[in-house]
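[1] curious how this folds, go ahead:
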Amino acid sequence: MKSVIVGTAGHIDHGKSALVRALTGIDPDRLEEEKRRGITIDLGFAFLEESGVRFGLVDVPGHERFVSNMLAGAAGIDLVLLVIAADESIKPQTREHFDICRLLGVQRGVVALTKSDLVEPDLLELVRLEVEEYLRGSFLDKAPIVAVSAKTGIGLEELKKALHAAAVEISGKDAERYFRLPIDRAFPMKGFGTVATGTLVSGSVGADEEVELLPGGRRLRVRGVHSGGKPVARSIAGQRTAVNLAGIEYAEVTRGMALATPGQFRTTRRTDVRLTLLPSAKKLKNRTRVHFHSGTAETIAEIALYTERSIAAGQNPDSLAQRPRTAKAGGTPMTLAPGQSALAQLRLQDEMLLLPGDRFIVRQFSPVITIGGGVVLDPLARRPLAKDSGRVVFLEVLERGRREEMLMGMTERALLGLAMQEIVARTGWLAEEIRETAQSLAAAKKSKMVSREPLLLLDGARFEEVRRGILEHVEKFHKANPLLPGMAREELRASLGRRLRAETFRAALEELDAEKKLELHGELVKRAGAQIALLPEEVKAKDTIEKAFAEAGLAVPAVKEVLAKLAIEAKRSEKLLQILLRAKVLVRVSAELIFHRDALASLREKLATYKRTKGEKIAVPAFKDLTGISRKYAIPLLEYLDRERVTRRVGDERVIL
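    Sure thing, here's the model as predicted:
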């Protein structure tokens, strides 16, 4: 059964609640004060099933003092039921509520002329004409206008048919996306605990699932789910939903919070948007503070205008989906005129969960009246910098909404690379959508897939810059160190600066190795084909070092003594020693002692012979006698043999393995 959310809109005392009650048999006024005063103060809810469609009706207050409540109820509605009393026609809150619906991007609706039994037919027809004129050019142009009476029942069946016809044309919300439920009400229920309700704007939720409460990031378990006033196994996008939450007190859950798929989204205090002023608003100065409403949440926001975008005089908010032409490029306008739109950054007083495409309303700080609204482009906007000249161009890319362009734009601006989790939080896209788009960009060489699992993207130009940097630093190293075979990986990475992820460095190295531009030898990196070229005096010195240790056997000289006798400077002597150590011609046994490999090989043979003839255990004195060396050499050699697992220490003896 298709689920559609209907929101009422209209002036106070025009009969919204009475009409909902007549249509559904459910009284949406649940508060005692509402019943006593005869006006709707907070949101009310009712349900209606009609010809295969399940309607969730959200009844909103009409009084100007409760517009913030109305805005919470308007979030997520699929079609509006605009209520206009036949005996009063269009009133101030009719206009404000209708402006709000237009700014929120509502595309379908039905008009109900209530209290039609109280006026003469001629007056009813006159009101109908006034309403048609008022709605001309808007999304309700040509919408059904049904005269009804909640008291007598006149027109109710016709109204139900009109609502059903409008519902059929609505595509509905996407149940396949990540779960997101803006909370409009939380209350305790005896025997169940905390219950949170709202219109499920995307995804689905079922019992025993884990959800995340935002802001705050608290993980909660869902005990049960209700929709349409009855328990269900699963509630899907487009349905009024009540979620029974375990492990939290109802007072900790408030309107404006949201439940979401765990670990996917982040809240924000800074968002970039397309902002449009109503034609009836006053001009808006830069840095103006306003009341900001999105979903069921509200906070205070400061508006920082980026650059002006003009809308033709008299154009209404229904065309917000169309990208306006550029009126002035560059610079920050000091004001935004009525009816115009601009790219802007909103700095929010409180944390809020926002995603691209989310609609919002701004209301004047004082007196509090609706002055405009718009759509979120970048929910996790960075602090604007004077040198960030590409920011406006990037926002225009986001505004066009082409997925490949958007991902490429985000990747270009992510100097360290863009990870899967960051992309989801900024876009709400599913993992498979991100992978498909990333692969397309990588195939076109517009970005580099540095890592597939977990996914990490880097701008193609930035990746090429990293490759060039690696080659340049390796080449520079070889020129400065002709006696060294290569550069240590970590030294190379550090030389490229801190703003480089390990995954990016590794991917660039592996690609350069595959292209045979570099060679990787363990922890060393060298230019492909690079060889150590020794000068004649260096060759002679190297042979002298090796000979000194080879002839010494196990009674080796001090390293400093050997190097001091060479005819070349100390720096080159040390590098020649390192060449012999890397080639394992010489072996460093301790910080002070270096032995020739032939001497150590001979020692192993002596130990093997000792084991065959005298047994597997050998004490330090016997080891000294066997090798003819003093304790100065014997102890470091035995410790080396232990490390090499030639021997194993047991008390004061060694076991020859």
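
[2] where in the chain is pLDDT low?
    The chain contains residues with pLDDT under 70 at 30-41, 62-66, 307-333, 386-387, 532-533.

[3] max-length helix in it?
    Ranked by residue count under DSSP state H, the longest helix found in the chain is helix 460-480.

[4] now do that helix: which elements does it pack against?
    Under the contact criterion of 3 or more CB pairs under 8 Å, 6 or more residues apart in numbering; DSSP states H and E, helix 460-480 touches strand 447-452, strand 487-488, helix 489-495, helix 502-514, strand 518-521, strand 524-527. For glycine as for every other residue, the C-beta is placed from the backbone atoms N, C-alpha and C.

[5] chain center to the third one, what's the gap?
    Shown here is helix 489-495, whose average C-alpha point lies 30 Å from the average C-alpha point of the whole chain (CA atoms, centre = their mean, to the nearest Å).

[6] and if you look at the first one?
    Using CA atoms, centre = their mean, we find the averaged C-alpha position of strand 447-452 to lie 18 Å away from the chain's own average C-alpha position.

[7] buried set for it?
    Neighbour-count burial for strand 447-452 flags 447-451 (criterion: 16 or more other CB atoms under 10 Å).

[8] what are the pairing partners of it, and which direction each?
    strand 455-459 (antiparallel) (DSSP bridges).

[9] and the second one, by the same measure?
    When pairing is defined by DSSP bridges, strand 487-488 lines up against strand 524-527 (antiparallel).

[10] which of the buried residues of strand 447-452 lies closest to residue 499?
    Closest approach to residue 499 among these (CB to CB): residue 450, at 14.1 Å.

[11] who's in contact with that closest one?
    417, 456-458, 463, 501, 503-504, 507 (CB atoms under 8 Å, 6 or more residues apart in numbering).

[12] ok, now how distant is it from residue 380?
    Separation of residue 450 from residue 380 (CB to CB, to the nearest Å): 21 Å.

[13] likewise for residue 527?
    41 Å.

[14] which one of the contacts of residue 450 is nearest residue 619?
    Using CB to CB, residue 503 is the member of the contacts of residue 450 that lies nearest residue 619, at 52.6 Å.

[15] I'd assumed residue 456 was in contact with that closest one.
    Yes: counting by CB atoms under 8 Å, residue 503 touches residue 456, with 5.3 Å between them.

[16] out of those two, which sits in the more crowded spot?
    Taking other CB atoms under 10 Å, residue 503 and residue 456 do not tie; residue 456 has more neighbours (22 against 16).

[17] beta-bridge partners for the more buried one, please?
    According to DSSP bridges, beta-bridge pairing links residue 456 with residue 419, residue 451.

[18] give me the three-state assignment for residue 649.
    strand (DSSP: H, G, I helix; E, B strand; the rest coil).

[19] tell me how many other residues crowd it.
    12.

[20] also residue 373?
    Residue 373 has 28 neighbours, counted by other CB under 10 Å.

[21] now do residue 584
    Neighbours of residue 584 using other CB under 10 Å come to 8.

[22] ok, now residue 233?
    8.

[23] tell me the spatial nearest neighbour of it, not counting adjacent residues.
    With sequence-adjacent residues excluded and distances taken as CB to CB, 6 or more residues apart in numbering, residue 233 is closest to residue 206, at 6.0 Å.

[24] check residue 577 too.
    Looking at residue 577 with CB to CB, 6+ apart, the closest residue is residue 545, at 6.0 Å.

[25] quick one: that neighbour is in a strand?
    No: according to three-state DSSP, residue 545 belongs to no strand; its state is helix.

[26] surely it meets residue 576?
    Yes: using CB under 8 Å, residue 545 is in contact with residue 576, at 6.1 Å.

[27] that older thread, out of the helices and strands packed on helix 460-480, which gets nearest to residue 139?
    Across those, closest to residue 139 is strand 447-452 (CB to CB), at 38.3 Å.

[28] nearest residue to residue 337 in space, please, no chain neighbours.
    residue 283 (5.2 Å).

[29] how many residues are close by that neighbour?
    Residue 283 has 12 nearby residues by other CB under 10 Å.

[30] and the most centrally placed residue in the chain, how far is that from residue 410?
    Closest to where the C-alpha atoms of the chain average out (CA atoms, centre = their mean) is residue 425, at 1.9 Å. From residue 425 across to residue 410, the span is 11 Å (CB to CB).

[31] do residue 178 as well
    Residue 178 is 18 Å from residue 410, by CB to CB.

[32] now swap in residue 52 and tell me
    In terms of CB to CB, residue 52 sits 41 Å off from residue 410.
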